[in-house]
Structure formats: structure tokens, C-alpha cells
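Chemist: From the sequence below, what's the structure:
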Amino acid sequence: MGREQFVKKIVCIGAGYVGGPTMAVIANKCPDYKVTVVDISQERIDAWNSDSLPIFEPGLQDRVENVRGKNLFFSTDIDGEIADGDIIFVSVNTPTKTFGKGAGKALDLQFIEQTARRIKENSTSPKIVIEKSTLPVRAAETMAAILHSGENSVRFDILSNPEFMAEGTAIQDMENPDRILIGSHDTPEGDTARDELVKVYENWVPREKIITTKLWSSELSKLVANAFLAQRVSSINSIAAVCEATEAEVTEVADAVGRDSRIGAKFLKAGVGFGGSCFRKDILNLVYLCEHYKLDDIAQFWNSVIEVNDNQMERFVNRILQAMFRTLVDKKIAVFGFAFKPDTGDTRDAPAIYICKRLLEERARISITDPHAIPSARKDLAGIDGGAEFTEAPYEAAKGAHAVALLTEWDEYKDLDYQKIYDSMSKPAFIFDGRNHLDHEKLFDIGFNVYPVGKPALTHI
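Modeler: From the prediction side, this is the model:
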């Protein structure tokens, strides 16, 4: 299909973890749409146009290669593609502010504002502008004020279409979503823009799964969804602490509780805490929103979810310290997994960052292994002198180690030869399973002192 034959031209500003996979799926499912992903980073765009994509996500490589150069394109010509586009997804970074009012809680919207101004400056035809980045409630008002300012007569219709993809299953989540959420202004023009986006998703998503709401409800729903999921993680981790104190087993408690149909079994797996780019950021943004509207008791509730998560990481470090005779000085600890979850190389807000820094503060030596996150791990721990080494080989990481700390539940860690690992380690040998991922009885029989999360330790000491 020639470019002039495309029914619509979609542009996504931002080639990161959301923009790239989302547009790859849309391009595959909508062959009569031209889809272009643009970014200011030449290095990132070059990677998207190569055989080594800038992010790892199961199924992504195949989806990209299937349509790249046909109806999926990657470019740094942001201005030209904006001018040519009909539908513009805004998928730029919205980090938590580190300065000024709202520092540590509010979202930093400078990139959103810069993007809105760029869209305005390069538009001579009507555009549908879609919020894909996580934004504060009523952020669309700010974007609209910028787009419609001055003497610009171009019409812009703004929609909210938050993503609900989980890293590691992003392609699956996009191709078979629980729901697609589209928020729009309750006006004839808003309805028309909404229907145009509905038409895109109807190429593969059943209409009953496409939810349409007011713009503000859509913006808030994204924050609330992540807050609820994070709250479940913190809840089960708080119970894990009770289990360790009482010798109950958190997996048994979670199974019993999760079988209640009112509760459900998902996100009831105890561990070292949640990470990733969304949970902490979105909860803090919700806290800031509550404080802005003087809902201080509500803000305190959601802030406690963050506090429990941070305490869980510290509890894990303290358990290592106490078990290993209250000192980690010059002891080698093999860290199995650095990504915040399996099947991704993403380390943003990964519990491993905090845990590794704390182990290094205790003057341990750490050897970090991960199948996809080693380059990011090096950056996250840059500047730490001499205490950390990195390898993609688990057996090398464990050689001579006093302990293994499993922080990411990669499938391949289940299949390792733990007898071989045990034989290569210093004795007594410890395993701290931060994800309850391994066969603890088998490890104990080999000779390990095993410390799960939310369960009694199995020790020979």
C-alpha cells in the first residue's frame, strides 16, 4: 500500500516502553493506517530501525519486523511527521518532580508542555491529540490551553487513552486487553474524535471492551488502577512480615484469601516489593492530588502503600544481615535478577537498586547477574567503587559467594543446577529467595540455609 493510500496517519511522539510496543501492535492490526514513531533521540530511533531493539519485550521483535518499512516507521523528523499526521499520540516521559512545588510527588510536565507547543507550531490541519502518557487529572486543560492559544485557527481535539500494559506481557496485553479506555469531552466534536479512535481499536478489540468516559474520569482511572494494584502488593507483603513472626506461610494464606471471589488471587504474591516506572510515580501523583484538594487523610492512606513497600526492601536486607551473623563485611553475595520483574530489561525503581546499595553500605561484595538488565544495572549503580561486579552467567556470579539473593523471578533460575552452585560457594551457604520462586525443600536438602519471604527459614545452623 502506497503512502498516499493510507486512510489515516498516526504519529506517536515518544519511542519508549509505551510508544514503541503500542504502535507496533496498532501497525500490525491496522494495515491501512500509516504509523510513525518519532523521538528526539537519534540513538533510540536507530535502535528501533535495527535488529537490536532498544527494549526487550516478548513478541515485540516479531511484531516490529513484520510491519517495519510497510506501515510502521521510526523517525527523528518530529516536526514533519506532526505536520503530516491526523492522529497524534503523546507518549513522552512524565517523571516525578525533583524540584520546586510538589517535588517528590507531582509529575514533571515540562515534556508534555514542550510537546504541546511543538504540535501547535507544526500543525496546519486538524489533529486528534491523545494523552498516552500518565498525566494528572485535568492535565488535558493545560494541553488544550497551549494548543488553542494565540492566533492559531487549527482545531485540536484532545482524548485520554491511558495504557494498561504490564512490562513482560505488553504485547499480549495490547493484543488481548482487559479493556481499552477512551476519555473525551462531552461535546459533538469530542464524540467525533472519540469515535475516530474507537474505529482504530475496533480492528481487533471487541466493542464491549472499549470503554468510553469523560476525559477526567479516564485520566484518574489510570492512577487509581496502578494504586490499587500496588496496594495489593503492599498488603500481602505486610502479611508476609506477620507470617515470618508467627511461622505461618504467606503462600498458604494468600491462596486461602485469593480463593474468595470478592478478592481474587492476582497480585497476592509476596516478595521484596514492587518496582517499575508506574506504581510509585502514580501513587505519589495521587497523593499530591489528594493534598491539593485538602484530602489529607486520603493522601496519608495512599502514602502508606509506598512506606510499606520501602519497609519491605529494608526488611529483606535486615534478614540477610541477621542470618549471616550480623555482618556482611567482605562477604560475596550473588544477586540473581536486577530487572524489576521478569521478561523485561527495565530496572526503573527496581527493588534491586535499593537492596544492592544497602548491601554495599554493609560492605558486602555483590555479583549481579540478569539475562537482560546488566547494561541498566551498570548505570543504576554507577559511581559505586569496587563493590559490584556484573555478569550474565549465574554460575560465575555464585562462585565463591557466601549467599545468593534472588530478586527477580526469571524462569531460568528455576532450572539451574543448585548442587553445582552449592559446591562452588563458601560455607555455610545461604539462599534468600526474595520472590519465593525456588524449591526450598530441595535447596535445604542440598545443604543451603534457605530464607524465603513470609515463611519460616530452613536452616542447618
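Chemist: Asp370 against Phe338, yeah?
Modeler: Yes. Asp370 is within contact range of Phe338, at 4.3 Å (criterion: C-beta atoms under 8 Å). Yep, even glycine has a C-beta here, placed from its N, CA and C like the rest.
Chemist: Tell me how far the residue nearest to Trp204 when sequence neighbours are not counted lies from Val67.
Modeler: Nearest non-adjacent residue to Trp204, counting by C-beta to C-beta, 6 or more residues apart in numbering: Lys29, 4.3 Å away. Distance from Lys29 to Val67, counting by C-beta to C-beta, to the nearest Å: 10 Å.
Chemist: Kindly indicate whether Phe111 is helix, strand or coil.
Modeler: Look at Phe111: counting by DSSP: H, G, I helix; E, B strand; the rest coil, its state is helix.
Chemist: number of nearby residues for it?
Modeler: The local packing of Phe111 (other C-beta atoms under 10 Å) involves 18 other residues.
Chemist: now do the one 5 residues further on
Modeler: The number of residues packed near Ala116 is 22, by other C-beta under 10 Å.
Chemist: so which strand or helix has it?
Modeler: Taking DSSP states H and E as the definition, one finds Ala116 inside helix 110-121.
Chemist: Contact partners for Arg155?
Modeler: The neighbours of Arg155, taking C-beta atoms under 8 Å, 6 or more residues apart in numbering as the test, are Pro126, Lys127, Glu189.
Chemist: Go ahead and confirm the first one touches Asn152.
Modeler: No. Here Pro126 lies out of contact with Asn152, judged by C-beta under 8 Å, at a distance of 11.5 Å.
Chemist: quick one: low-confidence parts of this structure?
Modeler: Along the chain, segments meeting pLDDT under 70 span 1-4, 136, 385.
Chemist: Tell me which residue of it is furthest from the middle?
Modeler: Most distant from the centre of the chain: Glu151, at 39.7 Å, with distances by C-alpha atoms, centre = their mean.
Chemist: So for stretch 104-118, what gets flagged as buried?
Modeler: Lys105, Ala106, Leu107, Asp108, Leu109, Phe111, Ile112, Thr115, Ala116 (16 or more other C-beta atoms under 10 Å).
Chemist: Ok, stretch 322-341 next?
Modeler: In terms of neighbour count (16+ other C-beta under 10 Å), stretch 322-341 has its buried residues at 323-324, 328, 331-341.
Chemist: quick check, nearest of those residues to Ser52?
Modeler: Comparing the buried residues of stretch 322-341 against Ser52 with C-beta to C-beta places Ala339 closest, at 17.5 Å.
Chemist: SS state for the closest one?
Modeler: Assignment for Ala339 (three-state DSSP): coil.
Chemist: quick one, what contacts it?
Modeler: By C-beta under 8 Å, 6+ apart, the neighbours of Ala339 are Gly345, Asp346, Thr347, Ala350, Ala352, Asp370, His372, Ala373, Ser376, Thr408.
Chemist: Same question for Ser238.
Modeler: Here Ser238 is in contact with Val308 (C-beta under 8 Å, 6+ apart).
Chemist: Surely it forms part of a helix?
Modeler: Yes. Assigned with three-state DSSP, Ser238 falls within a helix.
Chemist: Roughly how far does it sit from Trp48?
Modeler: For Ser238, the distance to Trp48 (C-beta to C-beta) stands at 41 Å.
Chemist: okay, the buried residues of stretch 322-341 in TSV with distance to Ile158 next?
Modeler: Formatted as TSV, the buried residues of stretch 322-341 follow (distance: C-beta to C-beta, whole Å):
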residue	distance to Ile158
Ala323	54
Met324	55
Leu328	53
Lys331	55
Lys332	54
Ile333	50
Ala334	50
Val335	44
Phe336	45
Gly337	40
Phe338	38
Ala339	34
Phe340	31
Lys341	32
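Chemist: Of the contacts of Ala339, which belong to strands?
Modeler: Here DSSP state E is the test, and the contacts of Ala339 give no hits in strands at all.
Chemist: Which members of the residues you listed occur in helices, if any?
Modeler: Among the contacts of Ala339, the residues falling in helices (DSSP state H) are Ala352, Ser376.
Chemist: Dump the contacts of Ala339 into CSV; add neighbour count and distance to Lys9 as well.
Modeler: Shown next, in CSV, are the contacts of Ala339 (neighbours: other C-beta atoms under 10 Å; distance: C-beta to C-beta, whole Å):
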residue, neighbour count, distance to Lys9
Gly345, 21, 31
Asp346, 23, 30
Thr347, 26, 35
Ala350, 28, 37
Ala352, 29, 41
Asp370, 27, 39
His372, 21, 33
Ala373, 26, 35
Ser376, 18, 33
Thr408, 30, 39
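Chemist: now the contacts of Ala339 as TSV including distance to Val257?
Modeler: Output for the contacts of Ala339, formatted as TSV (distance: C-beta to C-beta, whole Å):
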residue	distance to Val257
Gly345	33
Asp346	29
Thr347	31
Ala350	27
Ala352	28
Asp370	31
His372	33
Ala373	32
Ser376	34
Thr408	25
